[in-house]
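A.B. asks: My questions concern the predicted model and sequence given below.
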Amino acid sequence: MARGGTERTGARRGLLGPRHAGHTVPTDDLGALSLPVGDDGVIIGNDAEGRPQLIGFHRPVPYDVTLIGGLWTAQVLALRAAGTGARVAVETGR
C-alpha cells in the first residue's frame with residue numbers, strides 16, 4: 001500500500017522522480033540571479049553574538065590541527081571534518 005491508502009500496480013522500484021513541473025525563469029530575469037558566496041568549513045562553535053564560527057580544513061597541502069579539549073569535542077570535530085571530505089588522522093596521549 002502506498003501513502004494515502006492507494007495500492008500501486010506494477011513492479012516499480014527506485015526513485016519516482018519529480019512530482020511537480022520544473023521551475024522556469026524568463027531570459028530577461030537571468031541577470032538578477034546571484035549565488036551568495038560566503039564562508040565554508042566546519043562549524044566549531046558560536047561567537048558572542050551567536051553567529052557560527054567556521055574553520056576550513058581544505059588546503060593545498062596537509063597541515064596539523066591541535067585541539068585542547070575533551071574526547072567528545074575531538075570526536076565531533078573529526079567527524080564534521082571527515083563529513084566535508086577532509087582526511088582525518090587522530091593521535092592521542094590516552
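C.D. replies: Arrived safely.

A.B. asks: C-alpha from now on. contacts and neighbour counts both.
C.D. replies: OK.

A.B. asks: burial of G22, as a residue count?
C.D. replies: A count of neighbours around G22, defined by other CA atoms under 10 Å, yields 6.

A.B. asks: separation between the spatially most central residue of the chain and R94?
C.D. replies: Among the residues of the chain, the one closest to the centroid is T84, at 6.8 Å (CA atoms, centre = their mean). Between T84 and R94 the distance, using CA to CA, to the nearest Å, works out to 26 Å.

A.B. asks: Same check on Y63?
C.D. replies: When distance is defined by CA to CA, Y63 is 22 Å away from R94.

A.B. asks: Among these two, which residue is more densely surrounded?
C.D. replies: Taking Y63 and R94 together and counting by other CA under 10 Å, Y63 has the greater number of neighbours (8 against 4).

A.B. asks: right, and the secondary structure at that one would be what?
C.D. replies: Per DSSP: H, G, I helix; E, B strand; the rest coil, the local secondary structure of Y63 is coil.

A.B. asks: just the one 3 residues further on next, same as before
C.D. replies: Secondary structure, three-state DSSP: T66 is coil.

A.B. asks: What is the burial count for it?
C.D. replies: 7.

A.B. asks: From V25, how far off is it?
C.D. replies: Following CA to CA, the distance that separates T66 from V25 is 48 Å.

A.B. asks: re the thing from before, phi and psi next, for the residue nearest to the centre of the chain.
C.D. replies: phi -90, psi 0 (degrees, to the nearest 10).

A.B. asks: How about the one 3 residues further on?
C.D. replies: Phi and psi for R87, reported as degrees, to the nearest 10, are phi -80, psi 130.

A.B. asks: Quick check: closest non-adjacent residue to it.
C.D. replies: Among residues not flanking R87 along the chain, A81 sits closest, at 7.7 Å (CA to CA, 6 or more residues apart in numbering).

A.B. asks: Name all residues that make contact with that neighbour.
C.D. replies: For A81, the set of contacting residues under the criterion of CA atoms under 8 Å, 6 or more residues apart in numbering consists of 42, 57, 87-88.

A.B. asks: Where do the strands of the protein begin and end?
C.D. replies: Along the chain, the segments classed as strands by DSSP state E run 42-46, 52-55.
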